[in-house]
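1. Sharing a sequence plus its predicted fold:
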Amino acid sequence: MLKKFSFFKKLSKQENIEQSVKNADLVCRDIVVSKLSHLDILDYRYSTKEARQELGLDDELIHQLVEDYVAQIIKASVQFEKYLANMTLLNENNTFCDYTPLRELVHKNLGVARNLRIKDAEILLYEMMIKEDLKYLGNCLQVLKACAIKLKPECAYNTFQLIELKNSL
């Protein structure tokens with residue numbers, strides 16, 4: 001799943017980042033237009049203005065916190081994917097699916113998105129808290145990752161690189 005955003009092609013770092021942003025935008029547009037249009041997040045662009053005003057923090061600190069959020073979402077997406085894969089297997093075998101571990105992880109990330117006033121992430125994570133359709137949850141996750149990549153591309157790139165390095169050890 002991580003390779004979908006093409007951080008691992010043999011290009012320069014900047015070319016990888018640019019290509020990944022394009023791919024993230026395509027993934028986001030495709031899924032939102034075809035499956036999540038009711039969420040009205042397609043043209044959302046994050047601004048630090050609301051967070052600055054409501055939290056009383058300077059722009060530099062908010063940008064650092066947003067980078068931490070992007071890294072957190074990308075790292076959590078690996079766990080989200082594992083939960084969804086396991087739940088899909090259980091569902092296919094007509095076995096009870098416990099949504100609690102998934103929802104606990106969603107809740108943790110939802111709190112951060114709310115605190116930073118990242119509206120598209122708030123909406124997607126809220127949907128992941130309340131829905132039980134595994135395909136729908138998978139679509140929300142894909143869009144959430146794509147939005148995180150578009151929010152802070154270099155941070156996303158660095159986080160994907162760390163995950164890839166850790167997995168290779």
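-> Nice, thanks for sending it over. Everything quoted here is computed from the prediction, not taken from an experiment.
2. Helix or strand with the lowest mean pLDDT in the protein?
-> Using mean pLDDT, DSSP states H and E, helix 49-55 stands out as the lowest-scoring helix or strand of the chain, at a mean of 91.
3. And the contacts of it?
-> Applying Cβ atoms under 8 Å, 6 or more residues apart in numbering, the contact partners of helix 49-55 are Leu57, Asp58, Asp59, Ile62, Asn115, Leu116, Arg117. Just so you know, the C-beta spots here come from the backbone N, C-alpha and C atoms, and that holds for glycine as well.
4. Can you check the residues you listed and name whichever has the most neighbours?
-> Neighbour counts for those peak at Leu116, which has 22 neighbours (criterion: other Cβ atoms under 10 Å).
5. My guess is that one contacts Gln64. True?
-> No. Here Leu116 lies out of contact with Gln64, judged by Cβ atoms under 8 Å, at a distance of 10.8 Å.
6. one step back: looking at the contacts of helix 49-55, which are in helices?
-> Among those, the ones falling in helices (DSSP state H) are Asp59, Ile62, Asn115, Leu116.
7. ok, Thr95 - how many residues close by?
-> Neighbour count of Thr95, defined by other Cβ under 10 Å: 10.
8. Spit out the contact partners of it.
-> Neighbour list for Thr95: empty [criterion: Cβ under 8 Å, 6+ apart].
9. Quick check: it vs Asp40, distance?
-> For Thr95, the distance to Asp40 equals 35 Å [Cβ to Cβ, to the nearest Å].
10. Can you show me the helices along the chain?
-> 13-35, 49-55, 59-92, 100-116, 119-130, 134-151, 153-168.
11. gap between Ala85 and Leu102?
-> Ala85 is 11 Å from Leu102, where distance means Cβ to Cβ.
12. same thing with Met129?
-> Met129 sits 9 Å away from Leu102, going by Cβ to Cβ.
13. can you check Val78 too?
-> 13 Å.
14. ok, these two, which is more surrounded?
-> Leu102 (23 against 13).
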